[in-house]
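>>> Provided below for reference: sequence and predicted model.
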Amino acid sequence: MTGRGTSAAAGSCPGKDHLERVRDAVADYYAAFVERMSLDEASCPSLFRFGASQVIEELYGTRTAEELEQVQGVSLGCGNPLSAAALATGQVVLDLGCGLGLDCLLAAKAVGSSGRVVGIDLVDDMVKRALLTARSAGQDNAGFVRCAMESVPLSSGSVDVVISNCAVNLSADKRAVLSEAARLLKPGGRLVVYDILSDAVVPDEVCSDLGRWAGCVGGVLTAEQYVRHLNRAGLVEARVREAGSAEGLLERVPGAPRLYVGEITARRQ
C-alpha cells in the first residue's frame, strides 16, 4: 500500500488475492457468529451489544418490535434503511448482505403479496436462517440467495429498491458492489444504504487488518468516496447524511479518524 490507507479503504479495485482474502475473512467471521448466536446475542458484534428485542426497538421502533414477535434472529445492521426507502405495494426489493433477514422481513410486509423481496448473503447459514425466519413469520414473498454482493444473479433493471444495512463496508471492491446495484435498479429505482463511514481515510494498519474488515471497520469509506463511487456507477442524487454514532470502534488506534453511521441514498435515472 502507498500513502495512508489509500487502496482498500478507498474502495478501489485491489488485487484479486486481496479481494479473496477479505471475502474469506468476512465469510468465516459471520459463519462463526451464526454458530454461536441466540435470540439474546448482539446486533453487529463490533458495534452494538443489544439483545434481539432491544435491537428491534432501538433500530426500528417499539411498534416494529411488537409486530415481529415471531422473528427468530437479530439484526446485524447499524440502522434502519427502510426508514428512507419509501416502499410501496408491489415493488421488488433487493437487500445486499441481508444477514439474518430482519430487513427483508420488514420489506416483505411493506410490499405485500404482490411484491417481492430478495436477500443475498455470502454466508450459507445466514441465508438458511433468514429463510426459516421469513417462513415462520408467514412471509412467502421473501426469498434468499447465497452469493457475493459484487455479482448478483438477477436480471438488469429488475429491482425497484436496493437496500443494505452495514454490509457494503465488508466488500473490498465497493465500486463493483455499487455498479452492480445500479445495474439491477429499474429506471427511477432507488438505493438506500446504512453503513459505517469515516471522516478521513483510515490508517494502513486498519485497512490491512482482515479482522477489522470483518468487524465493519477496515473497509469504511468517507462520504466523499461513497458519493464518487455512486456517481461513477451512473447513479444520481447521491446523498450522505450522518444518522448515528459509531464511536469507540477505533479508540485504540492513535490518530484514528472519527467513525459514524451514515444514511446513503441515490437514484438511477
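Structure received. Treat the numbers as computed from the prediction; the structure is a model and nothing was measured.

>>> contacts and neighbour counts: CA atoms only from here.
Noted.

>>> mind listing what residue 117 touches?
92-95, 104, 107-108, 141-143 (C-alpha atoms under 8 Å, 6 or more residues apart in numbering).

>>> Go through those and flag which are in helices.
Among those, the members falling in helices (DSSP state H) are 104, 107-108.

>>> could you dump those residues to CSV with pLDDT?
As requested, these are arranged in CSV below (pLDDT from 0 to 100):
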residue, pLDDT
104, 94
107, 95
108, 94
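
>>> Out of the contacts of residue 117, name the ones that lie in strands.
92-95, 142-143 (DSSP state E).

>>> now, which of these sits nearest residue 219?
Proximity of the ones in strands among the contacts of residue 117 to residue 219 (C-alpha to C-alpha) peaks at residue 95, which lies at 19.2 Å.

>>> The closest one contacts residue 105, correct?
No. If you go by C-alpha atoms under 8 Å, residue 95 and residue 105 don't touch, sitting 10.5 Å apart.

>>> count of neighbours near residue 225?
The local packing of residue 225 (other C-alpha atoms under 10 Å) involves 21 other residues.

>>> From residue 264, how far off is it?
12 Å (C-alpha to C-alpha, to the nearest Å).

>>> Then residue 142?
In terms of C-alpha to C-alpha, residue 142 sits 24 Å off from residue 264.

>>> now do residue 162
Counting by C-alpha to C-alpha - residue 162 and residue 264 are separated by 11 Å.

>>> joint contacts of those two?
Joint contacts of residue 162 and residue 264 (C-alpha under 8 Å, 6+ apart) are 191-192.

>>> what ranges do the helices span in the stretch 101-250 of the chain?
Using DSSP state H, counting those that start in this stretch, the helices of the stretch 101-250 of the chain run over residues 102-111, 124-136, 174-184, 204-207, 210-214, 223-232.

>>> can you put those in a markdown table and add distance to residue 85?
Converted to a markdown table, the helices of the stretch 101-250 of the chain look like this (distance: least, C-alpha to C-alpha, whole Å):
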| stretch | distance to residue 85 |
| --- | --- |
| helix 102-111 | 9 |
| helix 124-136 | 20 |
| helix 174-184 | 15 |
| helix 204-207 | 30 |
| helix 210-214 | 26 |
| helix 223-232 | 17 |
